[in-house]
Structure formats: structure tokens, C-alpha cells
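[1] pasting the sequence and the predicted coordinates here, then a few questions.
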Amino acid sequence: MSNIFKPDRYVPLVETKQIEALRLVFRQAPAAGEMSLEQQAEMNEAQTLKNQILHDAETFAREQIDQAMQEAAAVREQARSEIDAWWAERRSEDERCLAEAKQAGYEQGYQEGIEQAQIAVRKQYDDMLLEARTILEQAYVLKLQIIQESEPFLIELSTAIAEKIVDRQLTLEPAWTVEQIKKLLQRRKEKGTIALCVSPSQFGYIQDAREELLNAVDSQAELEILPDASVQDRGCVIRSAYGSIDARIDTQLREIKAALQEIAMRGDE
């Protein structure tokens, strides 16, 4: 619109003076019946010039209006383009911010998910460890219970087995009985009479080994070998003035069994 007021668009001064002169002429012109032919010709020429000037002014004004409208349309189009560009940039920025927010939220959610998974796994591990510890404790208690309940039977069984093993060994190696009696006699370096009581079934065999057994006692002691019905196995009972030694196998096994039972009772306590 600024082109409307440019200097090259102004009406020339000469034309302005002509218009003013024409206005003066028309104001001072006599009536048509009073004018001469020359004056009428001048009036016609002036009227033609006036019409031409008005036409040119109207054309000029129309051109200026059209140009102004074009420039206004161009300004509007440019403004619209700038507004559209601004809105596009704004939307792009908003989308970028939204994408960054989503990414940040995803990363935060992912991290929180990892932390929650770690907490869940740790809790599951602790629960499994606690369960395993409980099972072990229960198994240990059950083991003790089984052992405690089985101990009397095991003691009875073990002593019975031991008795059979010893009897079997003495049957296969009768000399072992003599060796055990010799060891017992060597511990009792006593004077006087030493009575060696053996099973009636073993009396003859032990009597035959009397000389070997005398070497185990003091030379001033007297050894008597006596059959004794209270001795039912291959053991013996040694009696003297200082006391007696019960070396019967069943007696020794009973003492072993009693000792095992006492140990079991202490374990229960």
C-alpha cells in the first residue's frame, strides 16, 4: 500500500493548475445563449479536458486500489505463510517435547521395572532360602528323632551282633580265650590263691593250658581252675583275696550296652 503515496503517483502540478483553471472558467462562464462561438468552442474543449482528467483520475484511483488490494493480499499471504510456519515449528517442537517426555517416561518405567524385578527376585530368593533352612532344620530334627527312636533297637542289635561275632571268633580261635585270661592274670600280681572260674564246657581246655597260665601270675601265688555254672560263655571270673574280675563275655556286653544307653539318654537330654 505504500506505493499509493510514492511521488511518481502524484498528479502533476500542471494538470492540477489546468483543473483549477477549468473550475474557474466554469464558474465564470456566461450562459449558453450569451457565449460566442469561440467561447463555446473553448467551453467544449474545457469540458473534454475535464472529462479526460476525471477519467484519468478514476483510472489512476482504480489502479491504485487494485495494487493496494494485491499488496494487501500478498501481505496476508505472507502473514499466513509465516503463521503456518510458526505453527508447524510449534507443532514440531511440541512433538519433540512429547517424544522426549515419552522416552524419559519409558526409561523411567524401564528402570523402575528393573528395580521391581530385582526386588521380586531378591524376595523370592530369600523365601526359598528360608524354606530351605526350614526344611534342613526339620530334617535335622527328624533325623534326631529317628536316631533317638532307633537307638534302643540299634543298641540291642549291635550287642547281639557283637556277641555272635565274639563267639564265632572264639570258636575259630580257641587260643584267643587263653590269651585273654593271661592278660587278665598279668594285671593281678597277687600272692595267695587265685581262683579262675570258667564255663564247665571250657574247663578241660583251660586246665590243659594251666602251665601257660601260671607264667602269667606271681610265683608265690597259687592258681586254681574251677568249673563254674554261672559262666555260660567262653569268658571267666577271677576271684582272689583282693576282689574279683568278671570277664564273662555276656557281662562285658551288658556293660557296653548300658554305657551306650547312658550315652543315648544324655543325648536326649
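    Good, I have the coordinates.
[2] C-alpha from now on. contacts and neighbour counts both.
    OK.
[3] domain ranges for the protein?
    Structural domains assigned to the chain are 2-91, 173-268, following automatic domain parsing.
[4] out of those, which is closest to I165?
    domain 173-268 (11.3 Å; C-alpha to C-alpha).
[5] before we move on, the earlier item: any chance of the domains of the chain in CSV, with mean pLDDT too?
    Formatted as CSV, the domains of the chain follow (pLDDT from 0 to 100):
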stretch, mean pLDDT
domain 2-91, 70
domain 173-268, 83
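[6] report all helices and strands that the one helix or strand L184 maps to contacts.
    Under the criterion of DSSP states H and E, L184 resides in helix 175-187. Applying 3 or more C-alpha pairs under 8 Å, 6 or more residues apart in numbering; DSSP states H and E, we find helix 175-187 packed against helix 210-214.
[7] follow-up on the earlier one: deepest of the domains of the chain, which one?
    Among the domains of the chain, domain 173-268 has the highest mean neighbour count (mean count of other C-alpha atoms under 10 Å), at a mean of 16.
[8] tell me the contacts of C197?
    C197 is in contact with 225-228, 231, 236-239, counting by C-alpha atoms under 8 Å, 6 or more residues apart in numbering.
[9] which strands and helices sit next to the helix or strand hosting N51?
    Assigned by DSSP H and E, N51 belongs to helix 37-172. Where contact means 3+ C-alpha pairs under 8 Å, 6+ apart, helix 37-172 is packed against helix 13-28, helix 249-268.
[10] and the domains of the chain as JSON lines, adding distance to A99?
    Converted to JSON lines, these look like this (distance: least, C-alpha to C-alpha, whole Å):
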{"stretch": "domain 2-91", "distance to A99": "12"}
{"stretch": "domain 173-268", "distance to A99": "72"}
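[11] quick check: which of the ones you listed is nearest to L142?
    domain 173-268 (13.3 Å).
[12] between the helix holding N51 and helix 175-187, how many degrees?
    In terms of direction (axes from the mean of the first three to the mean of the last three C-alpha atoms, to 10 degrees), helix 37-172 departs from helix 175-187 by 80 degrees.
[13] measure how far helix 37-172 is from the centre of its chain, please.
    24 Å (C-alpha atoms, centre = their mean, to the nearest Å).
[14] before we move on, what about stretch 203-216?
    Per C-alpha atoms, centre = their mean, the centroid offset for stretch 203-216 relative to its chain is 80 Å.
[15] quick one: contacts of that stretch?
    So stretch 203-216 is in contact with 178, 181-183, 185-186, 198, 223, 225-227, going by C-alpha under 8 Å, 6+ apart.
[16] of those, which pair is most distant in space?
    Longest span within those, C-alpha to C-alpha: Q186 and P227, 20.9 Å.
[17] ok, back up a step: kindly reformat the contacts of C197 as JSON lines containing distance to L54 and secondary structure.
    JSON lines is the format used below for the contacts of C197 (distance: C-alpha to C-alpha, whole Å; DSSP: H, G, I helix; E, B strand; the rest coil):
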{"residue": "I225", "distance to L54": "178", "secondary structure": "strand"}
{"residue": "L226", "distance to L54": "178", "secondary structure": "strand"}
{"residue": "P227", "distance to L54": "177", "secondary structure": "strand"}
{"residue": "D228", "distance to L54": "175", "secondary structure": "coil"}
{"residue": "V231", "distance to L54": "169", "secondary structure": "coil"}
{"residue": "C236", "distance to L54": "169", "secondary structure": "strand"}
{"residue": "V237", "distance to L54": "170", "secondary structure": "strand"}
{"residue": "I238", "distance to L54": "171", "secondary structure": "strand"}
{"residue": "R239", "distance to L54": "173", "secondary structure": "strand"}
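[18] and S240, what does it touch?
    Applying C-alpha under 8 Å, 6+ apart, the residues contacting S240 are 192-195.
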